[in-house]
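Asker: Sequence and predicted structure below; questions after.
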Amino acid sequence: MSASNCLRCCLLRPSASAAAAARLRQGMPLAAAVAASFSTTANHSANAKPKPGTRAAERNAPPSIRQGKLFTIKKKKKNDSGARVKSPLPGERKAFRKRILLSNTNALPVPGLTDLGAESMLDPSNVCKVLSLPDDVIDQLRADEAFKTTQCWSMFRKPSMLIRTETVDLITRMHAAAKNNKTLRLVLTGDRVTGKSLMLLQAMTQAHLNDWLVVNIPDAQELTTACTEYAPILDTEPMQYMQQNYVLKLIQAIKKSNEKLLLKLTTVFSHAGLPQNIPIKSPLMQLANSAKEAEGAWAVFQALWQEMTAQGHGRPPMLLSLDGLTHIMRISDYRTPAFNPIHSHDLALVRLFTDHLSGATSLPNGGAVIAATSRNNAPRNPSMELALAQREAEQLGGGKDVPQPQPYLKGYDERVEAVLRNVQVIKLQGLSKLEARALMEYWAASGVLRITVDEKSVTEKWALGGSGIVGEMERASLLTMRF
Amino acid sequence: MASATNSLRLCLRTSNQITSRLRTVQRRQVPLARRALSTSQARWAAKEKGKDDEDSEPPELKYYSSFNDPGEAFRNRLKDETLSEDDRATITGMLEEWQLLPQQKKGDAERLKRDINNEMSDLRRIINPKRDAFWNDSDEKDTDLITDEFGEDDFEEDDMLSMSHGKLEEHREAREYARITVWEMPLLSQFARPFQPPAKEDCLRFRYTTYMGELHPADRKVVVEFCPKDVPGLSEAQQLKLKKLAGPRYNPEKDIVKMSCERFEHQAQNKRYLGDTVSKMIETAKDPTDMFEDIPLDTRHHTFKVKLKYPKEWYINAKRREELEALRKQSLLLDEQKRATGGLIDGVSIIKKNLLAAVEPEPVMELRGGPRSGKVRR
């Protein structure tokens, strides 16, 4: 038979080897022969030959001499260890990756931590204070996808925010604009991890606390990297494109986040072309609920938008916010049917946002359009960078310091410059020492920071954070194993 | 190093003949070597015996014709009119003596002359060098080669290695250059002139190359530099046009246009071409037909060096120290206030406090009716 068998014969004791040799000559497998010495029962072992004539025998019969040798590729069995592993269902991994944990019972409850009120962020005396989010607002913000996984919510018992001078500045501007029925058009810029997304969250919190309508695009990247379905809107010149799947998701988010308001407000227009017929004076929630499939989602969204921005009729101000401005200020990854690239401003949803940001359309009931830039995963955009730098310089006084476009640089985009021509810019920088102290006291009171918060340690962490940049301070204090 | 007196003594010691002539030396105008210090011997020309002591002038070369006998020579001498009275008398006396000699003696003199000439004829014969006789051993032996044939190549312990000869040669070379350095190079100061900075009109600065006598293909290149601001008679707009015309030849940081030319064979030709080109550029810059207003100045060829300066506000001085002290005092005050009111938060103590508060004693299970009341009877 095989060489291994022969070797086994040699290694066995001489008496045994003789017997083994005899068995081999008979052609019987060694193991089977041993078992079957004194038994009359049939051999049920796996090695036993099947009965001749049965289907099993036919299947397992060696190929006939005439067929010759066959080349077979054996399938490699995955996970042969034998342990039974359940692979996650589709979408589970993504959900796990994007899960937001807002509470950690291992952290200590901070005594004296008060909730935010409707006017808290307008009060300058609240600067350098840490205030917590009320529970209902938390649900609304969760629906808006305002919380990010890179933020340290999961370390504390109750989600809380530091009120900075820039916060008060931003909220005051929002409030003033809404009071005069104007639209605040603002871009939040700054270095990485300076707290731009969190400032957007603070704006959204203020909007929810004051019963504004909130429409948030949590990650503009999803709109222009060609990861959602798109379709041309017919009879538009130049061709506009809609993204129904994304819009459907957006409608669900608007529904969940603005539930109370949508139940209260009723339609004032009649809309044609909707999947369901929504009569006038029906609650907006009904209109939003009529979007059940991606097919009619864009029409429903347009109708909903029209209703939400109807002048008067008790409509509240609206906050339109977006994170990751660079992604909508470039040529998208989508292609026309003729395989020409599509500019992101030709995508209908993006066009809606940019029209409001540039001031071409204003919110009739007042409100704010706020965009935040992102330094993480952001392609360089010379037009946007130049435009924002110019607005910043103009705000600081202008004159000779206003940066000019480089004469021979290619890649400037006229449309982008047009959108950002009249926006306000808030550049976020590091915290002041007092703000840093307040934040660190909150951390220490939660039991997450094991040091005495005196001037020395505050200055230390402030310096480690590169003159008080929040994200860097967090990295140096909360996300290290050093004590 | 020998002192001046020592060397003088050495010089004086060399020759006894010199001492008597020291007085006469002052009269002459023989150029003395201008060296104060020298350790080498001073050697004077060897004096002929029989000549007068006074007559120490270098001999004047006079052409003497050959005379058959002394009588002719004396007569010839007498013909000279520059003779002094004493000399004339002497020579006349000698001539008379000669004339009084018997005929045989006169013939002896002639014969003596002829014999000497015959003996010397071999020495006077012109020897033409044979064409192939230098390298080969010709049949005619080289009469200049004086050889003993035996023991020629024996080393008599009287020489050094050729390496040592070479070393001496190096030393000699060094001394040669040292001599030039000390004696001739100071004379170059005659060529020194005070520096005259270029006039305002000379806005072009040319650079030439020389390879110190060597012929090199790069020595024909001429480079010119100028600043557009220095060119007389250009307005701001014309200066900008000139910069645009220069293109990558313009350095925006130094504000200089630099051009070179090496397309012709001679430096002068290249320089002329450059001058013409610069003139053409200036002429075009002044031309108002097209001022290139819509074309921005291209500086992509140049990377501007970012010169970071330490901010003045960060410099430490007394005032800044005071400011920092005040800030620190303020922050310490804040700390003290917080400590006093109990507002100073210490993370560790808070955690400890909470951990202790969290540990509550668990209720211990006790049997109703006291101990052993629930004992199971078996």
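Answerer: Looks like it arrived, so ask away.

Asker: can we go C-alpha only for contacts and neighbour counts from here?
Answerer: Fine.

Asker: need the residues of chain A near chain B, please.
Answerer: Counting by Cα under 8 Å from any Cα of the partner chain, the residues of chain A close to chain B are A:108, A:407-408, A:441, A:444-455.

Asker: 10 Å - rerun?
Answerer: Residues of chain A found near chain B (Cα under 10 Å from any Cα of the partner chain) are A:107-109, A:406-409, A:433-434, A:440-456.

Asker: Filter those down to the buried ones.
Answerer: Among the residues of chain A next to chain B, those scoring as buried are A:107-109, A:433-434, A:440-455 (criterion: 16 or more other Cα atoms under 10 Å in any protein chain shown).

Asker: helices or strands next to the lengthiest strand in chain A in the packing?
Answerer: In chain A, with assignment by DSSP state E, the single longest strand is strand A:183-190. Judged by 3 or more Cα pairs under 10 Å, 6 or more residues apart in numbering or on different chains; DSSP states H and E, strand A:183-190 is in contact with helix A:165-179, helix A:196-209, strand A:318-323, helix A:348-358, strand A:367-372, helix A:382-396, strand A:424-428.

Asker: among the ones you listed, which is the most enclosed?
Answerer: strand A:367-372 (a mean of 27; mean count of other Cα atoms under 10 Å in any protein chain shown).

Asker: Could you tell me the average pLDDT over that strand, please?
Answerer: Averaging pLDDT along strand A:367-372 yields 98.

Asker: can you check stretch B:298-311 too?
Answerer: Stretch B:298-311 comes out at a mean pLDDT of 95.

Asker: Check what contacts that stretch and list those residues.
Answerer: Under the contact criterion Cα atoms under 10 Å, 6 or more residues apart in numbering or on different chains, stretch B:298-311 has outside partners A:406-409, B:243-244, B:247-253.

Asker: Filter the residues you listed down to the ones in helices?
Answerer: Judged by DSSP state H, the subset of the contacts of stretch B:298-311 located in helices is B:243-244.

Asker: quick one: the strands in chain B?
Answerer: So, for chain B - with DSSP E - the strands run B:205-207, B:222-226, B:250-251, B:256-261.

Asker: Contacts for the shortest one next, please.
Answerer: In this case it means strand B:250-251. Contacts for strand B:250-251 (Cα under 10 Å, 6+ apart): B:225-228, B:242-244, B:256-259, B:298-299, B:301-304.

Asker: let's see it at 8 Å
Answerer: Around strand B:250-251, the neighbours that count as contacts under Cα atoms under 8 Å, 6 or more residues apart in numbering or on different chains are B:243, B:256-258, B:302.

Asker: rewinding a little: tell me which of the helices and strands packed on strand A:183-190 approaches B:D159 most closely.
Answerer: Of all the helices and strands packed on strand A:183-190, the one in closest proximity to B:D159, counting by Cα to Cα, is helix A:382-396 (85.7 Å).

Asker: Report the angle between that closest one and strand A:424-428.
Answerer: Angle of helix A:382-396 versus strand A:424-428, following axes from the mean of the first three to the mean of the last three Cα atoms, to 10 degrees, is 90 degrees.

Asker: Tell me which other helices or strands helix A:382-396 touches.
Answerer: Using 3 or more Cα pairs under 8 Å, 6 or more residues apart in numbering or on different chains; DSSP states H and E, the elements in contact with helix A:382-396 are helix A:414-419, strand A:424-428.

Asker: I'd like the next helix or strand past the worst-scoring helix or strand of chain A on mean pLDDT.
Answerer: The helix or strand of chain A with the lowest confidence, counting by mean pLDDT, DSSP states H and E, is helix A:30-35 at a mean of 47. Next helix or strand after helix A:30-35 toward the C-terminus (DSSP states H and E): helix A:55-60.

Asker: neighbouring contacts of that next one?
Answerer: A:49-52.

Asker: Most neighbours among the residues you listed, please name it.
Answerer: A:P50 (17 neighbours; other Cα atoms under 10 Å in any protein chain shown).

Asker: Can you tell me how far A:I254 is from chain B?
Answerer: 41 Å (Cα to the nearest Cα, to the nearest Å).

Asker: Check residue 96 and give its pLDDT.
Answerer: I'll assume chain A. Reported pLDDT for A:F96: 94.

Asker: that's the other chain; I wanted chain B
Answerer: pLDDT at B:E96 comes out at 91.

Asker: Would you state the strands of chain A in chain order?
Answerer: A:129-132, A:160-163, A:183-190, A:213-217, A:231-233, A:240-242, A:318-323, A:331-335, A:341-343, A:367-372, A:424-428.

Asker: hmm, back to that, what does the longest strand of chain A contact?
Answerer: A:173-174, A:177-178, A:196, A:356-359, A:362-363, A:366-374, A:423-429.

Asker: that older thread, specify which member of the contacts of stretch B:298-311 is nearest to A:H327.
Answerer: Ranked by distance to A:H327 (Cα to Cα), these are led by A:L409 at 20.3 Å.

Asker: Touching, A:A107 and A:A444? I think so.
Answerer: No: if you go by Cα atoms under 8 Å, A:A107 and A:A444 don't touch, sitting 10.2 Å apart.

Asker: avg pLDDT for stretch A:342-358?
Answerer: 97.

Asker: Stretch A:244-264 now?
Answerer: Mean pLDDT, computed over stretch A:244-264, is 97.

Asker: Give me the nearest residue to A:S467, chain neighbours excluded.
Answerer: In space, A:S467 comes closest to A:G430 once its chain neighbours are excluded; the distance is 5.8 Å by Cα to Cα, 6 or more residues apart in numbering or on different chains.

Asker: who does A:S160 bridge with?
Answerer: A:S132 (DSSP bridges).

Asker: Near it, how many other residues are there?
Answerer: 19.

Asker: is it true that A:E307 touches A:L265?
Answerer: No: A:E307 is beyond contact range of A:L265, at 9.1 Å (criterion: Cα under 8 Å).

Asker: Kindly check the end-to-end length of stretch A:203-218 for me.
Answerer: 13 Å (Cα to Cα, to the nearest Å).

Asker: Check the offset of that stretch from the chain's centre.
Answerer: 18 Å (Cα atoms, centre = their mean, to the nearest Å).

Asker: low pLDDT regions in chain B?
Answerer: B:1-65, B:130, B:132-142, B:370-378 (pLDDT under 70).

Asker: How is it divided into domains?
Answerer: Using automatic domain parsing, the domains assigned to chain B come out as B:2-42+B:53-123, B:205-285, B:312-353.

Asker: Pick the most buried one from the ones you listed.
Answerer: Buried most deeply of those, by mean count of other Cα under 10 Å, is domain B:205-285, with a mean of 16.

Asker: Would you mind measuring from the residue nearest to A:S467 to chain B?
Answerer: From A:G430 to chain B the distance is 19 Å (Cα to the nearest Cα).

Asker: Share the number of residues neighbouring that residue, please.
Answerer: Summarising burial for A:G430: neighbours were counted as other Cα under 10 Å, giving 22.

Asker: per-residue confidence for it?
Answerer: What the model reports for A:G430 is a pLDDT of 96.

Asker: tell me the contacts of it?
Answerer: Contacts of A:G430 (Cα under 8 Å, 6+ apart): A:194, A:466-470.

Asker: pLDDT on stretch A:288-307, on average?
Answerer: If you average the pLDDT values across stretch A:288-307, you get 96.

Asker: thought A:G411 was touching A:E385?
Answerer: No: A:G411 lies out of contact with A:E385 (Cα under 8 Å); the separation is 11.8 Å.

Asker: The contacts of stretch B:298-311 into JSON lines, with extra columns for distance to A:P218?
Answerer: Converted to JSON lines, the contacts of stretch B:298-311 look like this (distance: Cα to Cα, whole Å):
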{"residue": "A:Q406", "distance to A:P218": "33"}
{"residue": "A:P407", "distance to A:P218": "35"}
{"residue": "A:Y408", "distance to A:P218": "35"}
{"residue": "A:L409", "distance to A:P218": "32"}
{"residue": "B:K243", "distance to A:P218": "50"}
{"residue": "B:K244", "distance to A:P218": "49"}
{"residue": "B:G247", "distance to A:P218": "49"}
{"residue": "B:P248", "distance to A:P218": "48"}
{"residue": "B:R249", "distance to A:P218": "51"}
{"residue": "B:Y250", "distance to A:P218": "50"}
{"residue": "B:N251", "distance to A:P218": "48"}
{"residue": "B:P252", "distance to A:P218": "46"}
{"residue": "B:E253", "distance to A:P218": "46"}
